[in-house]
Structures are given as C-alpha cells and as structure tokens.
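J.: Quick one: sequence plus predicted model below, questions after.
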Amino acid sequence: MNWQLQERQNRLNQVVEEALRVGPQVITANGEETAVVLSMEEYRRLTPPTDSLADFLMKSPLRGSGVRIERNQDLERDLSL
C-alpha cells in the first residue's frame, strides 16, 4: 500500500500495523516513492549479517564437538593462472 507523507504523519500507528500485518508500506511525497516502512523481522531478513565468517564458525554448535575435516593432500588441483 502507498501512503502520502502527510497521511503517514497523521496515521503512523496504522502504517506500522499494516507493515506488520500485510508487509512493507511505501511512503510517497509529492507523488514520488521516498521511503518504506517494514517489520523488524523483514528488515533483519534483508540486512546482511555483520559477523565475519570466523565469528560465525566460533558460534557454531559443532565447535568443540571433535569433528575434524581434513583435505586429502594426495590429490592435486589444476589451476590456470
């Protein structure tokens, strides 16, 4: 649903409820789409994680489980540089 900026200012509560119930709400000003209100769940889904790969691995439930993954050193890899 699209909302004009003036409407949004007067009905912010409804805009937030619609974002939670229906999905992202587009805000317009002077007929132009200028912003989007979305639920925190949707925002978190769209926002890339801030943890590094090392942080992710350190938090893994497999950390400390004793699982060892090793590459077979006998196999050569062809690389074209």
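T.: Nice, I can see it.

J.: contacts, neighbours, all on C-alpha from now
T.: Fine.

J.: Pull the number of nearby residues for Leu38.
T.: Burial measure for Leu38: 20 neighbouring residues, criterion other C-alpha atoms under 10 Å.

J.: That one - nearest residue in space that isn't next to it in sequence?
T.: With C-alpha to C-alpha, 6 or more residues apart in numbering as the measure, Pro24 is the residue that lies nearest to Leu38, at 4.5 Å, once sequence neighbours are left out.

J.: in the sheet, who's paired with the closest residue to Thr34 other than its chain neighbours?
T.: Nearest residue to Thr34 in three dimensions, chain neighbours excluded: Thr28, at 5.3 Å (C-alpha to C-alpha, 6+ apart). Using DSSP bridges, the bridge partners assigned to Thr28 are Gln4, Glu33.

J.: right, and Thr28 touches Val37 too?
T.: No. Counting by C-alpha atoms under 8 Å, Thr28 stays clear of Val37, with 11.3 Å between them.
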